[in-house]
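# pasting the sequence and the predicted coordinates here, then a few questions.
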Number of protein chains: 2
Amino acid sequence: MLLHTIAEVREQIRIWKKQGLTVGLVPTMGALHEGHLSLIKKSVEKCDKTVVSVFVNPIQFCPGEDFEKYPRTLDADREMAESAGVDIVFAPSAAEMYGEGHIMSNDFLTYVIPPFFYVNKLCGKSRTGHFDGVCTVVNKLFNIVQPDFAFFGEKDRQQLIIIKKMVKDLSIPTEIIPCPIVREADGLAMSSRNKYLNEQERKDALVLKNILFNIKSCYNSGIKDTEALAETAFNFLKSCHSLEYLEFRDKNDLELKKTADKDTIVFIAVKIGNVRLIDNISLEN
Amino acid sequence: MLLHTIAEVREQIRIWKKQGLTVGLVPTMGALHEGHLSLIKKSVEKCDKTVVSVFVNPIQFCPGEDFEKYPRTLDADREMAESAGVDIVFAPSAAEMYGEGHIMSNDFLTYVIPPFFYVNKLCGKSRTGHFDGVCTVVNKLFNIVQPDFAFFGEKDRQQLIIIKKMVKDLSIPTEIIPCPIVREADGLAMSSRNKYLNEQERKDALVLKNILFNIKSCYNSGIKDTEALAETAFNFLKSCHSLEYLEFRDKNDLELKKTADKDTIVFIAVKIGNVRLIDNISLEN
């Protein structure tokens, strides 16, 4: 069923909890693709009831980002979710989430702020306030849905690590289930923002997975020095690619790695034309 | 029963929730007095089960404040609570709440940050970061105990307003129950910090309630201009009193009032010797 208000969701959850049913939450901004679907399937499999939230959260976009043009496809999202066995699609308005006139500055709204050490790097560096907005809305969704499990894609790995940290720090009674990146046939990590790419850019976008996969095979062949591993990237970068970052960091606390090991994640962000894409790979197994 | 770990509390709460019982939470820093007792009694009356947390929360004290010397009287607290019908006294260590080595800066800890407009005034002005620490620990306690109701004294009125705002902004499924200020026979508002007062200071401390009660009677006799009402305070202030603030603000959003009305709260803070005391009064009824 499609619900738009917090009160309706709460009421349904209350009934399920009373029946002793477990609840899974898949928080999304809609424009659902196979990546989201893999999270949804995992939740439907693991939990008695599954809620998918569809909310393009204004407070996680920075000025100048793509909030206005972010794809909104609620009818298709709902169909995809319900076909996969989702029980509630929760699609609130910004007014429902942040109040009429929804004043969203931290002058008038309570925020959940992740630790500075986790946000002052990678995507947090260029996207000021992004993870504050993410933690605030996810925290709020957790309070509304009270899920036993919540499913997050490893595609947004920094987000996943920050959410896990929030859950630990605030003792939130929800278990976070990470889900592997889903890739197109040619290896491009699925993302709602891939829709922004034109035909040429779509080809150029393969640079992210090419760099990551090559680093992993170099690592597997014995190169552990992260500086040496990073240098292999330059064989792939062309003038159409603007590299934002390529970094080797710990999978739990995002500490920088000088020597790669099984706990290392390789993070990459590249701008192609006007489209900013991210990807990452674990060096484990 | 006295519990020290989050896991033990969670387990007990899980059992109660399964039985469909309602849970009340009274968050305290211990050193329980009649004021706390009135909150506890209200919870025991209203809820099937009552949890009292006793935790001197390090992150809500500013540098130079009384964290070290804040009274700690757990044995007496436990006895008072259990005599009043409390089911769990939850007294965690700082390490249990914030991790071993408990690094408590926002470099490494997720914080819940109330809106700037609510904290840049009254006590928040002199106690930098205080309400960040309060919201963070209360949010965490709510996640651990998952109370249906939580009880807060009107003595800390700015805190009460900020907690209510947090609950609304983050859709926390807990109802906040405000409880009236409890006063000593001579009118001094009860506070754990009253223990710091020597005999003379204890007498001088009546200035807070004298000013507030006089303002209320002036208001009742027809004076509505807050500047005129504030001026009546100077008849009570002596050289032993250092007035920090005396302000007229809205009971919901803390907006400054030029004209007093039934939605007005009069807030006062006075330092007597080294002891800082606060009090407030509603002009309703």
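Looks like it arrived, so ask away.
# residue A:44 touches residue A:52, doesn't it?
No. If you go by Cβ atoms under 8 Å, residue A:44 and residue A:52 don't touch, sitting 10.0 Å apart. Heads up, the C-betas are built off the backbone N, CA and C, glycines and all.
# who has more neighbours, these two?
Higher neighbour count among residue A:44 and residue A:52: residue A:52, with 29 against 19, using other Cβ atoms under 10 Å in any protein chain shown.
# so residue A:276, which of the three states?
strand (DSSP: H, G, I helix; E, B strand; the rest coil).
# the spatially closest residue to it that is not a sequence neighbour: what secondary structure?
Nearest non-adjacent residue to residue A:276, counting by Cβ to Cβ, 6 or more residues apart in numbering or on different chains: residue A:269, 6.5 Å away. Following three-state DSSP, we place residue A:269 in the strand state.
# how far away is residue A:269 from residue A:196?
Distance, residue A:269 to residue A:196, using Cβ to Cβ, to the nearest Å: 15 Å.
# do residue A:101 as well
Taken as Cβ to Cβ, the span from residue A:101 to residue A:196 is 31 Å.
# more neighbours, these two?
residue A:196 (19 against 8).
# correct me if wrong: the more buried one contacts residue A:274.
Yes. Counting by Cβ under 8 Å, residue A:196 does reach residue A:274; the two are 7.3 Å apart.
# distance of residue A:199 relative to residue A:237?
As judged by Cβ to Cβ, residue A:199 and residue A:237 stand 20 Å apart.
# quick one: which of the two has more around it?
A direct count of neighbours by other Cβ under 10 Å for residue A:199 and residue A:237 places residue A:237 higher, at 15 against 7.
# shaky segments in the stretch 101-250 of chain A?
Across the stretch 101-250 of chain A, the ranges flagged by pLDDT under 70 are A:102.
# and it, which of its residues are near chain B?
A:106-117, A:135-136, A:139-140, A:143-144, A:146, A:165-166, A:169-173 (Cβ under 8 Å from any Cβ of the partner chain).
# do that again at 7 Å, thanks
With Cβ under 7 Å from any Cβ of the partner chain as the criterion, the stretch 101-250 of chain A comes near chain B at residues A:106-117, A:139-140, A:143-144, A:146, A:165-166, A:169-173.
# what kind of secondary structure is residue A:248 in?
Going by three-state DSSP: residue A:248 is strand.
# now the top helix by length along chain A: buried residues?
For chain A, the helix with the greatest residue count under DSSP state H is helix A:130-145. Across helix A:130-145, burial judged by 16 or more other Cβ atoms under 10 Å in any protein chain shown covers A:130-145.
# what about the residue in the stretch 1-150 of chain A that chain B sits nearest to, neighbour count?
Nearest to chain B in the stretch 1-150 of chain A, going by Cβ to the nearest Cβ, is residue A:110, at a distance of 3.8 Å. When neighbours are defined as other Cβ under 10 Å, residue A:110 has 24 of them.
# is it true that it touches residue B:118?
No. Counting by Cβ atoms under 7 Å, residue A:110 sits too far from residue B:118 to count as a contact (8.6 Å).
# show me the common contact partners of the two, please.
residue B:165 (Cβ atoms under 7 Å, 6 or more residues apart in numbering or on different chains).
# how about the nearest residue to residue A:285, chain neighbours excluded?
In space, residue A:285 is closest to residue A:262, 7.5 Å off (Cβ to Cβ, 6+ apart).
# before we move on, which element is the one you found in?
Under the criterion of DSSP states H and E, residue A:262 resides outside all helices and strands.
# and the helices in chain A?
Under DSSP H, chain A gives helices at A:6-18, A:34-46, A:74-83, A:94-98, A:116-119, A:123-126, A:130-145, A:157-169, A:199-204, A:207-220, A:226-231.
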